[in-house]
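Student: next input, structure requested:
(one chain, ligands or ions: 1)
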Amino acid sequence: MTNCPLCQGNLRQIHNNFTGYIEGQYFPIFQCQQCQSQSIQSQEVDYNTIYESEQYPWYNKFIEIAKHHPKPLKELARLSAIYKPVYDFINTQTKPLRILDVGCGYGYLVHSLRRESHRALGIDISSKAIETANKNFGNYFSISSTPAGKYDLIIATEIIEHVQDPRGFIQQLMESLNPNGALLITTPNKNFYDSINLQAIWKTDLPPVHQTWITREGLELAAKPFAVAFYNYPLLYADNYFNLLLEARAARNNYTPLPKINKDKTHTQPDINLPKKILKSKTGNRMSTVLARIITQDHPTLSACVYK
Ligand SMILES: [Zn+2]
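Tutor: Residues are numbered from 1 along each chain as shown. As a prediction, this is how the structure comes out:
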């Protein structure tokens, strides 16, 4: 292991044999000296095994919602904070968009977007997930890790922490956007634990299912090579109030330095008892999501959203 997969900073090993997802597997854990993100030595994962482990019963619930709820996208956003930015984004749109959901799983988000009249497609590396998605929602899904074609909106909710090369992942998605396209990325937020001084090691899905546990700075630095300028976005979702929300726009020739992190954490500092409740919740990291919204070029609808 040489450098941080997010920011290329130097790594320090903070654990020798951390328990892995599969019994009997152990992983050294590294922490970046620059961005404080944690990582393992990247490796391939068999996602069919993950889907078959049935630790994610809400996936089946979401299939039913997408099929039968009168407003499935709104309902997904109500049930899971990671879909709120998608819902908000879609609400600002006036025309059908060509959308790709990367790591689409069972396809309920794609189907919910199609029910809003968008031309949404999904890709996933799990053949089991794609089979389930196509069976339930029609042939809009394919087994792939890389986008084919160009899109107005690319969504990758809770995916970047699974990939072996998060910088390359962002680059690939950026290159698959139409002019004025947007990229929405969410990932569990390591800063949440740092903010309450828990000094936690890998409080996210066990390695190698998650290969990184990312801080705001790590996500910003990973996107920085693509000349994306970030704006601190103090508006936090009501039930997601201690998470970070980042807004980013491309500034290819005119990179805007990162704003200083807001020291006033009164609105982001949770009750110390809260995390335990959240960690026990079925949806796990529902409240621990870093959100980056990366926009390739000026986007009038979104700028209204940014500065409201
Ligand atoms: Zn780093």
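
Student: CA only for contacts and neighbour counts going forward, please
Tutor: Will do.

Student: ok, the residue of the stretch 101-250 of the chain found nearest the ion to D101 distance?
Tutor: In the stretch 101-250 of the chain, the residue found nearest to the ion is G218; the distance is 5.2 Å by C-alpha to the ion. The gap separating G218 from D101 is 23 Å, by C-alpha to C-alpha, to the nearest Å.

Student: just to revisit the earlier point, element containing the residue of the stretch 101-250 of the chain closest to the ion?
Tutor: helix 216-223 (DSSP states H and E).

Student: tell me the pLDDT of the spatially closest residue to S127 that is not a sequence neighbour.
Tutor: Distances taken as C-alpha to C-alpha, 6 or more residues apart in numbering place I143 nearest to S127, at 6.0 Å, with adjacent residues excluded. What the model reports as pLDDT for I143 is 96.

Student: next: N254.
Tutor: 39.

Student: give me the buried positions along stretch 136-152.
Tutor: N136, F137, Y140, F141, S142, I143, S144, P147, K150, Y151, D152 (16 or more other C-alpha atoms under 10 Å).

Student: what's the local residue count around the residue of the stretch 101-250 of the chain closest to the ion?
Tutor: 24 (other C-alpha atoms under 10 Å).

Student: now A129
Tutor: Using other C-alpha under 10 Å, A129 has 24 neighbouring residues.

Student: which element is it on?
Tutor: Using DSSP H and E, A129 sits in helix 127-137.

Student: so what does that helix touch, helix or strand wise?
Tutor: helix 47-52, helix 108-114, strand 141-143 (3 or more C-alpha pairs under 8 Å, 6 or more residues apart in numbering; DSSP states H and E).

Student: give me the below-cutoff pLDDT ranges for the stretch 151-300 of the chain.
Tutor: For the stretch 151-300 of the chain, the stretches with pLDDT under 70 are 193-198, 227-300.

Student: same thing but at 80, please
Tutor: For the stretch 151-300 of the chain, the stretches flagged by pLDDT under 80 are 179-181, 188-189, 191-200, 216, 224-300.

Student: wait, does whatever helix or strand M174 lives in contact the ion?
Tutor: If you go by DSSP H and E, M174 is part of helix 166-175. No. Under the criterion of C-alpha under 5 Å from the ion, the ion is not reached by helix 166-175; the shortest gap measures 10.9 Å.

Student: got the angle between that helix and helix 216-223?
Tutor: Between the axes of helix 166-175 and helix 216-223, defined by axes from the mean of the first three to the mean of the last three C-alpha atoms, to 10 degrees, the angle is 60 degrees.

Student: now could you export just the CA positions of helix 166-175 as CSV?
Tutor: Taking Å, rounded to 0.1, in the frame of the first residue of the first chain, the C-alpha atoms of helix 166-175 are listed here in CSV:
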residue,chain,number,x,y,z
PRO,A,166,-12.3,6.1,-6.2
ARG,A,167,-10.3,8.8,-8.1
GLY,A,168,-10.6,6.9,-11.4
PHE,A,169,-14.3,6.3,-10.6
ILE,A,170,-15.0,10.0,-10.3
GLN,A,171,-13.1,10.7,-13.5
GLN,A,172,-14.9,8.0,-15.4
LEU,A,173,-18.3,9.4,-14.3
MET,A,174,-17.3,13.0,-15.1
GLU,A,175,-16.3,11.9,-18.6
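
Student: now the next helix or strand after it against helix 166-175, angle please.
Tutor: Toward the C-terminus, helix 166-175 is succeeded by strand 177-188 as the next helix or strand (DSSP H and E). Relative orientation of strand 177-188 versus helix 166-175 (the same axes, to 10 degrees): 140 degrees.

Student: contact residues of the chain facing the ion?
Tutor: Residues of the chain lying near the ion by C-alpha under 5 Å from the ion: C4, C7, G9, C32, C35.

Student: just want the phi and psi numbers for the fourth one.
Tutor: For C32, the backbone dihedrals are phi -80, psi 130 (criterion: degrees, to the nearest 10).

Student: begin at 47 from here
Tutor: Let's use 47 as the start, then, which means that last one is C78.

Student: does it touch T48 like I think?
Tutor: No. Applying C-alpha atoms under 8 Å as the test, C78 and T48 come out as separate, 10.4 Å apart.

Student: and for P193, nearest residue in space, chain neighbours not counted?
Tutor: Closest residue in space to P193, ignoring its immediate chain neighbours: S222 at 6.6 Å, by C-alpha to C-alpha, 6+ apart.

Student: H115 too?
Tutor: Excluding the flanking residues, the one nearest H115 by C-alpha to C-alpha, 6+ apart is E121, at 7.6 Å.
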